[in-house]
Every structure is written in C-alpha cells, then in structure tokens.
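Here you go, sequence then predicted model.
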Amino acid sequence: MTAGSFAHLTLAFGLLGNVVSFMVFLSPLPTFYKVYKKKSTEGFQSMPYVVGLFSAMLWIYYALLKANAMLLITINSVGCFIQTFYICFFLFYAPKKARIESLKLIGFMIVIGFGLIVGLTQFLVHDVTNRVTIVGWICLVFALCVFVAPLGVVRQVIKTKSVEYMPILLSVALTLNAVTWFFYGLLLHDFNIAIPNVLGFTFGVLQIILYFVYKNKKPICNEKVSGLEIKNIATVEQKQKVPENKDQDIIDVEKLSELMCSIPVVAKLNQNNDVIVDDHLVLEPHVPNHTIEVAA
C-alpha cells in the first residue's frame, strides 16, 4: 500500500471520526431540553460536561504541539464550544449549591489543572519532541480514565438486570467513534490516539452485548417493589381490622349501659327517714313502675 493510500485512509477515518464525535457531542440535548422545560437541573450533574471540556482542550493543545493532526483540532474546537454551552446552560438553571460546586470543579480542572499542564510543559520542557511526548502521555492516561467511567453503568446493568440507564444508540455511537479514531491514530502512527480507543471499543462492545442480554429481562428492583407492595397491603388490612374491633367494644359498652339502666334501684330508709341506696344491687324482675322497696 502506497503512502498516498495511507493519506486517503487517514483523511477518511479522520472525517468520519469528526462526524461521529459531533453526533456524540449532541447526545445530551434531550437532557437539556428536559432541564429547560422544568427550569431546573434537578439531579443532573455538571461533571460530564466539565470533563468533556477539559478533554477537548487537552487534545487541542496536543494537536497544536504535534502540528500534523488538523482533524483533531477541528472536532475538539467544536467540542469546546458545545461543552461550554452545556456548562453555561447548567449554571443558569442549577440551584445555588449545585452552581457553587460546578464553579469549584471548573476552577479546579480547567483553570488550575489545564493551566498547570500548559505552564509546566511550556516553561520546564524546552525540547518540542519531549513536550509532545509528555502531553501525549497525559492525554493517554486521561482518555483511559474517561473510557473506564462506563464501568459504573455496566455494573448497574448487571446488578439490576435493567438497561434503562444505558441507551443503546449512545453505546453504538461511542463504539463507532472509538473504532474510527483508533484507525486514525494507527494510520498516523500515533499510539496516544490509538491505544485509549482500544479500551473505548472494548467497553462499547460490552455495553451492546449487555443491552441485548438484559433488554427483555424483568428488573430486580420491580420484583422488590412488588414484594413491598404486598407487605404494605397486608399491613393496611390488619390496620383496618383494628377499628372494627374497637367499634364492637363500643357497641358492647353501650349495650351494657342500657342493661344497667333497666335494672331497678333498691333503696331503704334509715331511722331519719332518709333514702339510702343499697350498696349491693339486687337483681329483681323488672317492675314497670320502678317501685322503691322501703323497710317496715
């Protein structure tokens, strides 16, 4: 294969990588549409977008040092713009606490982190080749950390047997994105680009396999909820029986009161002709006119 063929293939994979990466950058739009409709970020976090901005800036810096990776500069410039828009949108609708945490994260990663990388490599590393190597290794390590992040989603899918939080289209897009940039880096003989995308491709394929394995499975969480509902229903039924018993007791007391009222009162007169009610009730047959029995 000639060098011209390599150049054409490199350009083809670079352009395809730009297109796929652009689609991946646009994937959070439905999330921000929900934020716009509800006027609140609710439980969403700004970390993915801050990390995305940091990654895009880091690759632009590496591409500028390398001087022959223009397609890296184009897509990551677009990525910087889109991620900055997401962050500003998030800060506008985020509550005060989340906004403060996001600003701290931006200051730590973008201002301090990226600033230190640029400053140290520019002033302490004078050889351009060594500078490219150092920044390339930083990009490599950071990209590997980013590609390891989906392991949390994979663990959640296996644990819950549910693919609710793992959209298949995004998994396919990330896998295709990793494949295109792997071949782009391979054809450029740039292993700082190629190696991280091997890991990205591996995790992407794993997510797709898990999706088709668990897409028809009944989530474990639903079974637990059903069990809790059955227990709650039993508890409610038991609580409903208690008032019935209390009502029965009230009815029995009322009947007893009526019975006591129907018993004739037995009394006697003392020597001063005062009426004294006997301490012991004598159960006599009921007399219609309630005659008081007086001692002779």
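Structure's in. What do you need?

Could you report the pLDDT at Q238?
You'll see Q238 listed with a pLDDT of 56.

Three-state assignment for the spatially most central residue of the chain, please.
Nearest to the mean C-alpha position of the chain, by Cα atoms, centre = their mean, lies G43 at 7.0 Å. Secondary structure assignment for G43 (DSSP: H, G, I helix; E, B strand; the rest coil): coil.

any idea where the helices of the stretch 1-150 of the chain begin and end?
3-26, 29-38, 47-66, 70-93, 96-106, 115-124, 128-148 (DSSP state H, counting those that start in this stretch).

The last one vs helix 47-66, what angle?
Helix 128-148 runs at 160 degrees relative to helix 47-66, counting by axes from the mean of the first three to the mean of the last three Cα atoms, to 10 degrees.

begin at 43 from here
Sure, I'll start numbering at 43, so the last one becomes helix 170-190.

tell me the mean pLDDT for helix 170-190?
88.

Could you list every helix and strand that the next helix or strand after that helix packs against?
Per DSSP states H and E, the first helix or strand lying C-terminal to helix 170-190 is helix 193-202. The contact analysis (3 or more Cβ pairs under 8 Å, 6 or more residues apart in numbering; DSSP states H and E) places helix 193-202 against helix 233-256, helix 262-303. For every residue, glycine as well, the C-beta is placed using N, CA and C.

Determine how far stretch 120-139 lies from the middle of the whole chain.
In terms of Cα atoms, centre = their mean, to the nearest Å, the centre of stretch 120-139 is found 19 Å from the chain centre.

before we move on, what about stretch 61-75?
On Cα atoms, centre = their mean, the centre of stretch 61-75 falls 19 Å from that of its chain.

residues in contact with stretch 84-101?
67, 70, 73, 77, 114, 118-119, 121-122, 125-126, 128-129, 132-133, 136, 140, 143-144, 147-148, 151-152, 155-156, 159, 177, 180-181, 184-185, 188 (Cβ atoms under 8 Å, 6 or more residues apart in numbering).

what comes up buried for it?
Across stretch 84-101, burial judged by 16 or more other Cβ atoms under 10 Å covers 86, 88, 91-101.

Equivalent analysis for stretch 104-112, please.
104-105, 107-108, 111.

Just send the residues you listed back as CSV, with distance to L218 and pLDDT too.
Listed next are the buried residues of stretch 104-112 as CSV, based on distance: Cβ to Cβ, whole Å; pLDDT from 0 to 100:
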residue, distance to L218, pLDDT
Y104, 22, 94
A105, 21, 93
L107, 28, 91
K108, 24, 87
A111, 20, 83
